[in-house]
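> model the following, please.
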Amino acid sequence: MSDYLVKALGYEGTVRAYAIRSSGMVQEAARRHGSSRTVTAALGRALSAGTMMGAMLKGDEKITIKIEGNGPASPIIIDANAKGEARGYVSNPKVDPERKASGKLNVSAAVGEKGSLSVVKDLGLKENFTGSVPLVSGELAEDFTYYFATSEQTPSSVALGVIIDKGEVVASAGGFILQMMPGVTDETIDAIEKILKDIPPISTLIREGLTPEEVLYRLLGKENVQILDTMEVAFKCRCSKERIAQAIIGLGVKEIKVMIEEDAGAETHCNFCNERYIFTKEELEDLLKSTDKE
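Here you go, the predicted model:
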């Protein structure tokens with residue numbers, strides 16, 4: 001099944017809702033970074049949240065999320081846009097703390113329970129919108145919930161989850177965000193809180209085959225949900241050899257000559273997708289010629 005997210009309104013527009021199935025994109029992130037099970041869970045939760053937050057934007061707007069805890073996997077960086085495309089990386093993808101007593105992956109031990117969650121929104125204005133809050137648990141869903149309530153003054157409920165099977169295969173990944181809008185009644189809030197208390201983890205619902213729409217129906221009641229849009233989502237990086245070449249040109253003649261004369265070439269890689277780019281001596285000489293023309 002392909003990954004996608006759903007945007008919806010509930011209870012006559014007084015609840016804004018997003019739900020995502022992100023199993024494939026999380027698996028792709030894990031493959032690219034060779035991450036441990038625990039780090040895959042942490043990165044997957046952050047990717048799901050970032051993708052849904054990107055879907056809250058419009059046009060060419062973008063969002064960057066930085067989760068900087070005191071755990072060995074931090075920081076975690078997520079880039080997402082309004083088109084359902086997201087990418088992300090962690091500083092140390094191989095760490096794998098011991099599981100909790102319950103047997104669950106110990107995400108907070110990898111991320112850290114102290115630190116900050118920062119969000120930068122590029123809305124195409126002169127200055128970007130920036131918000132930052134302290135981490136409250138390191139489990140990430142609670143941290144994003146706190147971010148929305150504190151930084152954006154929007155009471156929200158965020159659920160994020162990843163299940164990993166044997167062979168390091170991502171069996172399911174997904175999440176939802178429910179946001180209380182002006183005019184929401186106490187009765188609606190009470191009804192939602194009661195369901196949230198009893199509903200299984202989002203990763204379990206996705207593994208059982210529920211679609212993002214069906215997740216929202218479980219949360220809000222089908223009769224109360226108005227689906228606004230569906231959007232395919234994917235792990236996608238914007239890097240390319242052409243972009244790297246332009247970056248090398250930007251270094252200037254002196255630096256390029258050093259690469260040619262001392263290193264006889266250059267190699268670099270993208271942190272987000274772990275793709276490696278190699279430039280031969282001849283390719284660097286061609287870039288040097290283009291620099292001279294400028």
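> going by C-alpha atoms from here, please, whenever you check contacts or count neighbours.
Will do.
> which positions within the strand or helix carrying residue 162 qualify as buried?
For residue 162, the host element (DSSP states H and E) is strand 156-165. Neighbour counts using 16 or more other C-alpha atoms under 10 Å place 156, 157, 158, 159, 160, 161, 162, 163, 164 of strand 156-165 among the buried residues.
> right, and the helix or strand after it?
strand 169-180.
> summarise which helices and strands that following strand is packed against.
With contacts defined as 3 or more C-alpha pairs under 8 Å, 6 or more residues apart in numbering; DSSP states H and E, strand 169-180 has these neighbours: strand 15-21, helix 23-33, helix 37-54, strand 156-165, helix 202-207.
> what strands line up against it, and which way round?
According to DSSP bridges, strand 169-180 forms sheet pairs with strand 15-21 (antiparallel), strand 156-165 (antiparallel).
> and the strand holding residue 162 with helix 37-54, angle?
Put simply, strand 156-165 runs at 140 degrees to helix 37-54, going by axes from the mean of the first three to the mean of the last three C-alpha atoms, to 10 degrees.
> got the contact list for strand 156-165?
23, 37, 41, 44-45, 48-49, 140-142, 144-145, 148-149, 170-180, 201-204 (C-alpha atoms under 8 Å, 6 or more residues apart in numbering).
> just the buried residues out of those residues, in ChimeraX syntax.
Selection of the buried residues among the contacts of strand 156-165 in ChimeraX, burial being defined by 16+ other C-alpha under 10 Å:
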select :23,37,41,44,45,48,49,140,141,142,144,145,148,170,171,172,173,174,175,176,177,178,179,180,201,202,203,204
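> got the end-to-end distance for stretch 146-157?
9 Å (C-alpha to C-alpha, to the nearest Å).
> tell me which residues of stretch 280-294 come out buried.
281, 284, 285, 287, 288, 291.
> which parts of the stretch 151-294 of the chain are helices?
Assigned by DSSP state H, counting those that start in this stretch, the helices in the stretch 151-294 of the chain fall at 186-198, 202-207, 212-220, 241-251, 253-258, 281-293.
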